[in-house]
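Chemist: Give the three-dimensional model of this entry:
(one chain, ligands or ions: 1)
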Amino acid sequence: MFRINDNYTKLPGSYLFSTIGKKVAAYKQAHPDKRVISLGIGDVTQPIAPAILAAMHKAVDEMGDAATFHGYAPDLGYGFLRETIAREDYRARGCDIDADEIFISDGAKCDCGNFQEIFSDDCKIAVCDPVYPVYVDSNAMAGRTGSYDAGLGMWTDVIYMPCTAENGFVPELPKTAPDLIYLCNPNNPTGTTLTKAQLQEWVGSAKSVGAVILYDAAYESYISEADVPHTIYEVPGAVDCAVEFRSFSKNAGFTGVRLGFVVVPKGIKDGNGVALHGLWARRHGTKYNGAPYIIQRAGEAVYTPEARTQLGAQVAYYMANAAAIRDGLTEAGYKVYGGVNAPYIWLKTPDGMSSWEFFDWLLEGASVVGTPGSGFGPSGEGYFRLTAFGSKENVAEALGRIKGMA
Ligand code: PLP
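Modeler: Numbers count the residues shown, from 1 in each chain. Here you go, the predicted model:
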């Protein structure tokens, strides 16, 4: 009889968004007269920018002509896109990254989830807490995280690095040396950031213990402060120890279009001198067929001056919402964090309410939906995430209602 991968049975259910959905549905049924506003979604709402659409239309037409048709894409990505990324995202920032160190994919979720496959089963992982759940769950599927303690909401073999208001949302270097260190900067869900100086410490520490930093920069385009690096390779030495995940989802609205990439510098090697670069090329080439030509042309267009202007306006729109949420909640007496370099606002729940108690209170009192912080890790308990991806009008309406409750 066949046996399944037992690690999957150890996974706790992913109840966060389904529980939210059920609670909202029940509320709507009980209050058909109320208009519910969601500030909970982590998905963009602005449409694809015209300059990018034009590039996609052109690429679609090319597919209809035998002379310009494209079949299987190169597994690792088309040269035109890898070159553009290396030039615009890295060399333009003084980072020494070559086009062949960039691996094109269909998004950062898959890359963040898949990358752990090329490491040994006994590698010890360290994660910020709270954080994007994919890092821990994908390592759990691989059997690297021990067993799950439902009471604590923690895995026995994961090094959790709490990020709370008490430590300014800056994780402490762990006492036990990890092998794989996941850093998300700007962080989802807290919207907070690590500065270049803080990252320098992480790079120094990773190099001293022979660890790899797996750096997720999915929200890079929202960074507004000068001391927050746009890529980890702005930090000296990072090229020797850090892999970077990037996405077109939040900078260009590609959550439905799907495009991302991983940067794997050639010099990162394990204790036996084996380079990650070759292994990831092997893995990617074996299990992935290359992002579609039309989508890679769309990605290339993201870097044109027209698209940069159009996308800059989209980011500015979301960040104006973020500023309005921060200011409005502060006026209403809340302690708020994030929302300056990221489209996420992280608030401390008032009066010692748990994250879920606050969820219910906000839904009942204001018909506003957000995301309980405890869904992102045990240190998220007592916090709540609001996102800036909605419309300006809904943000204003939601804030008016929240202020009315205070
Ligand atoms: N990384 C972080 C931190 C995210 O919040 C998200 C999406 O919400 C992703 C990666 C996934 O990005 P993509 O849409 O490219 O898969």
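Chemist: Could you list the domains of this structure?
Modeler: Taking automatic domain parsing as the criterion, the chain consists of the domains 6-47+306-405, 53-304.
Chemist: got those as a markdown table, with distance to the ligand and mean neighbour count columns?
Modeler: C-beta: built from backbone N, CA, C; applies to glycine. Formatted as a markdown table, those follow (distance: least, Cβ to the nearest ligand atom, whole Å; neighbours: other Cβ atoms under 10 Å):
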| stretch | distance to the ligand | mean neighbour count |
| --- | --- | --- |
| domain 6-47+306-405 | 5 | 17 |
| domain 53-304 | 3 | 18 |
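Chemist: Please convert these to TSV, extending it with mean pLDDT.
Modeler: As requested, these are exported to TSV (pLDDT from 0 to 100):
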stretch	mean pLDDT
domain 6-47+306-405	96
domain 53-304	97
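Chemist: now the helices: where do they sit in the protein?
Modeler: Along the chain, the stretches classed as helices by DSSP state H are 6-10, 16-30, 50-63, 79-85, 108-114, 134-141, 196-209, 249-252, 276-287, 293-301, 305-331, 355-366, 392-405.
Chemist: Give me the contacts around stretch 31-49.
Modeler: With Cβ atoms under 8 Å, 6 or more residues apart in numbering as the test, stretch 31-49 has contacts from 20, 24, 27-28, 56, 188, 249-250, 252-255, 257, 298, 307, 310-311, 314, 317-318, 325, 363, 367-371, 385-387, 389-391, 394-395, 397-398, 401.
Chemist: Nearest spatial neighbour of residue 376, chain-adjacent residues omitted?
Modeler: Excluding its sequence neighbours, the residue lying closest to residue 376 (Cβ to Cβ, 6 or more residues apart in numbering) is residue 130, at 3.4 Å.
Chemist: how close does that neighbour sit to residue 39?
Modeler: 18 Å (Cβ to Cβ, to the nearest Å).
Chemist: In this structure residue 307 contacts residue 298, no?
Modeler: No. Residue 307 is beyond contact range of residue 298, at 9.4 Å (criterion: Cβ atoms under 8 Å).
Chemist: quick one: common contacting residues for these two?
Modeler: Going by Cβ under 8 Å, 6+ apart, residues that sit against residue 307 and also against residue 298 are 52, 252.
Chemist: For the residue nearest to residue 68 when sequence neighbours are not counted, give me its contacts.
Modeler: Using Cβ to Cβ, 6+ apart and skipping the chain neighbours, the partner closest in space to residue 68 is residue 62 (3.9 Å). Residue 62 is in contact with 68-70, 293, counting by Cβ under 8 Å, 6+ apart.
Chemist: List phi and psi for the residue most central in space within the chain.
Modeler: For the chain, the residue sitting closest to the mean C-alpha position, by Cα atoms, centre = their mean, is residue 218 at 4.6 Å. Phi and psi for residue 218, reported as degrees, to the nearest 10, are phi -60, psi -20.
Chemist: which strand residues sit across from the closest residue to it other than its chain neighbours in the sheet?
Modeler: The spatial neighbour of residue 218 that comes closest, neighbours along the chain excluded (Cβ to Cβ, 6+ apart), is residue 247 at 4.3 Å. Beta-bridge partners for residue 247, by DSSP bridges, are residue 260.
Chemist: In contact with the closest residue to residue 383 other than its chain neighbours, which residues?
Modeler: Spatial nearest neighbour of residue 383, chain neighbours left out: residue 373 (3.2 Å); criterion: Cβ to Cβ, 6+ apart. Contact analysis of residue 373 by Cβ under 8 Å, 6+ apart lists 130, 189, 346, 349, 355, 380-385.
Chemist: Arrange those in JSON lines, one row each, with distance to residue 178 as further columns.
Modeler: Formatted as JSON lines, those follow (distance: Cβ to Cβ, whole Å):
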{"residue": "130", "distance to residue 178": "18"}
{"residue": "189", "distance to residue 178": "22"}
{"residue": "346", "distance to residue 178": "24"}
{"residue": "349", "distance to residue 178": "30"}
{"residue": "355", "distance to residue 178": "27"}
{"residue": "380", "distance to residue 178": "21"}
{"residue": "381", "distance to residue 178": "23"}
{"residue": "382", "distance to residue 178": "26"}
{"residue": "383", "distance to residue 178": "24"}
{"residue": "384", "distance to residue 178": "29"}
{"residue": "385", "distance to residue 178": "26"}
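Chemist: any idea how far residue 48 lies from residue 62?
Modeler: Distance from residue 48 to residue 62, by Cβ to Cβ: 18 Å.
Chemist: do residue 314 as well
Modeler: Residue 314 is 27 Å from residue 62, where distance means Cβ to Cβ.
Chemist: Need phi/psi at the residue nearest to residue 317 when sequence neighbours are not counted.
Modeler: Spatial nearest neighbour of residue 317, chain neighbours left out: residue 46 (6.6 Å); criterion: Cβ to Cβ, 6+ apart. Taking degrees, to the nearest 10, you get phi -80, psi 140 for the backbone angles of residue 46.
Chemist: What's the separation between residue 46 and residue 221?
Modeler: For residue 46, the distance to residue 221 equals 13 Å [Cβ to Cβ].
Chemist: Most remote residue from the middle of the protein, which is it?
Modeler: residue 1 (39.4 Å).
Chemist: Could I get the pLDDT score of it?
Modeler: pLDDT, residue 1: 95.
Chemist: Any figure for the gap between it and the ligand?
Modeler: For residue 1, the distance to the ligand (Cβ to the nearest ligand atom, to the nearest Å) stands at 36 Å.
Chemist: what sits against that residue?
Modeler: No contacts exist for residue 1 under Cβ under 8 Å, 6+ apart.
Chemist: Regarding stretch 147-161, how distant is the last residue from the first?
Modeler: 18 Å (Cα to Cα, to the nearest Å).
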